[in-house]
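In: this one's structure only:
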């Protein structure tokens, strides 16, 4: 079952939700619950949700290339996932790529107010601390804790339960 706009944490203001798909693709591998106030925009990219994904209120996803959320993934409130800069940047006369993949493993917990940006890989079983910005971080080992701005690995052999 897919639930969109489901009631999340009562202390987060609720508003509607929106989904915009323009030449892209959204896949659900199984059940998924996305709370109120969400925004999903897929423009030419591929967005996939693993089985049993839960996103609390005010989740925002912008996908122009590829975003994959693994099974049993938990997103806190106000999580933003963007595989695009939204605008192009020229550095030393050369245009930089404005899009890159985001791969989130199985059983990952993104804390409240986390932002995940292009070219990031979060390993299975990992936790991203509240208010962190994951910007190009490549997590290779499972069960790591990352946090900060920009996020970096803080601890290893961490396991979140519920």
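Out: Looks like it arrived, so ask away. None of the values given here were measured: they were computed from a predicted structure.
In: any idea which helix or strand comes after the lowest-mean-pLDDT helix or strand in the chain?
Out: The weakest-scoring helix or strand in the chain, judged by mean pLDDT, DSSP states H and E, is strand 2-6 (a mean of 67). Sequence-wise, the next helix or strand downstream of strand 2-6 (DSSP states H and E) is strand 18-22.
In: need the mean per-residue confidence for the helix or strand following that following strand.
Out: Per DSSP H and E, the first helix or strand lying C-terminal to strand 18-22 is strand 25-28. Across strand 25-28, pLDDT averages out at 96.
In: and strand 25-28, what does it pack onto?
Out: strand 39-43, strand 46-49 (3 or more CB pairs under 8 Å, 6 or more residues apart in numbering; DSSP states H and E). Where you see a C-beta, it was placed from the backbone N, CA and C, and this is true even at glycine.
In: please identify which of these is closest to residue 82.
Out: If you check each of those against residue 82 by CB to CB, strand 39-43 wins as the nearest, at 9.4 Å.
In: which elements pack onto that closest one?
Out: Strand 39-43 sits against strand 18-22, strand 25-28, strand 60-63, with contacts defined as 3+ CB pairs under 8 Å, 6+ apart.
In: quick one: low-confidence parts of this protein?
Out: 1-2, 5-16 (pLDDT under 70).
In: what residue in it is the furthest from its centre?
Out: Counting by CA atoms, centre = their mean, the extreme residue of the chain relative to its mean C-alpha position is residue 93, 31.5 Å from that point.
In: number of residues surrounding residue 60?
Out: 17 (other CB atoms under 10 Å).
In: which ones are touching it?
Out: By CB atoms under 8 Å, 6 or more residues apart in numbering, the residues touching residue 60 are 38, 39, 40, 79, 80, 81, 82.
In: how close does it sit to residue 90?
Out: Going from residue 60 to residue 90 by CB to CB, to the nearest Å gives 27 Å.
In: partner residues bridging the residue nearest the centre of the chain?
Out: Of all residues in the chain, the one closest to the mean position by CA atoms, centre = their mean is residue 81, 3.9 Å from it. Assessed by DSSP bridges, residue 81 has beta-bridge partners residue 61, residue 116.
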